[in-house]
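# Task: produce atomic coordinates for the following.
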Amino acid sequence: MRQYGQFCPIAKSAEIIGDPWSILIIRELLLGSSRFNVLQRGLPRISPTILSKRLKELDERRVIIRRRLKGHRGYAYHLTAAGRELSGVMEALAVWGMRWARDKMAPSDLDVSFLMFDVQRRIDRTALPEGETVLCFQFTDITNFCHWWLVCRDGEVDLCYEDPGKDVDCYVTGTSRDMIGIWMGDIALAKALKAGSVQLMGARHLCRTFPKWFALSAAAQTPRPTAAERRSVARAG
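Model (predicted):
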């Protein structure tokens, strides 16, 4: 971990959580991930080596604790009381990021694997029928990992990027940019459905209730800067 050589509490905090990936690891732990492979799914571009290193550093600084899994190989990672106190910091960063850090989104930022992992943990299972429901998301503007399946049953949601060989109950089709824009609240879902930028095909009940079970990102409702706020920032620059 880098050292800033200052007694300032912000500097000391940044020494612990300011290294690349550390904040995102804490984000995933706050969202309920605890296994190494699940953390990787939420951080698809991190290498196993770096993830192991960051987990070890956070453990040494008592932000997280590592516990051996009973009856299994490997460990589970959990936030300590100190780590849980970062929840407010993460919420503030999410709000600030939604308001000020997303004006320019490069193609490399549009990661459908992270989108689908987020959809998996946010989907409202109570709005789905009883029994098994299979959903297929299709992205029309990419060639790799352009199909994803969600198999929902018994209160669990399994995410697959290979065809699970099951009958699909509902297909959701659109571009990665539009789907991410809808998920993050940048594009109104009703407007996207009316314009056809996202298309639904399958069981009528699932198509009709799509706005209920497709719950959107937890950050989607964050108020965006007003025109006056943007003008003020532009003048200050």
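# Wasn't Asp118 part of a strand?
No - under DSSP: H, G, I helix; E, B strand; the rest coil, Asp118 sits outside any strand and is assigned helix.
# which residue sits closest to it, ignoring its sequence neighbours?
With sequence-adjacent residues excluded and distances taken as C-beta to C-beta, 6 or more residues apart in numbering, Asp118 is closest to Ser217, at 6.4 Å. From N, CA and C alone the C-beta is placed, and that goes for glycine too.
# okay, now the one you found: neighbour count?
Neighbourhood size, Ser217 [other C-beta atoms under 10 Å]: 18.
# wait, it sits on Arg121?
No - judged on C-beta atoms under 8 Å, Ser217 makes no contact with Arg121 at a distance of 10.7 Å.
# Which of the helices or strands spans the residue nearest to Asp118?
Here Ser217 sits in a region with no helix or strand, counting by DSSP states H and E.
# now swap in the one 5 residues further on and tell me
Assessed by DSSP H and E, Thr222 sits outside every helix and strand.
# and Gly71, how far is that from Val119?
From Gly71 across to Val119, the span is 30 Å (C-beta to C-beta, to the nearest Å).
# Which one of these two is surrounded by more residues?
Taking other C-beta under 10 Å, Gly71 and Val119 do not tie; Val119 has more neighbours (23 against 5).
# which residues does that one contact?
137, 150, 183, 214 (C-beta atoms under 8 Å, 6 or more residues apart in numbering).
# contact partners of the helix or strand hosting the first one?
Element membership for Phe137, per DSSP H and E: strand 133-139. Contacts with strand 133-139, where a contact means C-beta under 8 Å, 6+ apart, come from 112, 116, 119, 145-153, 164, 166-176, 179, 206.
# Repeat that for stretch 100-117.
By C-beta under 8 Å, 6+ apart, stretch 100-117 touches 41-42, 44-45, 137, 139, 142, 145-146, 148, 150, 159, 161, 176-177, 179-180, 183-184, 186, 225, 233.
# Buried among these? Make that a PyMOL selection.
Of these, the buried ones go into a single PyMOL selection, burial set by 16 or more other C-beta atoms under 10 Å:
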select buried, resi 41+42+137+139+148+150+159+176+177+179+180+183+184
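# picking that back up, helix or strand next in line after the strand holding Phe137, which one?
Counting by DSSP H and E, the element after strand 133-139 in chain order, helix or strand, is strand 147-153.
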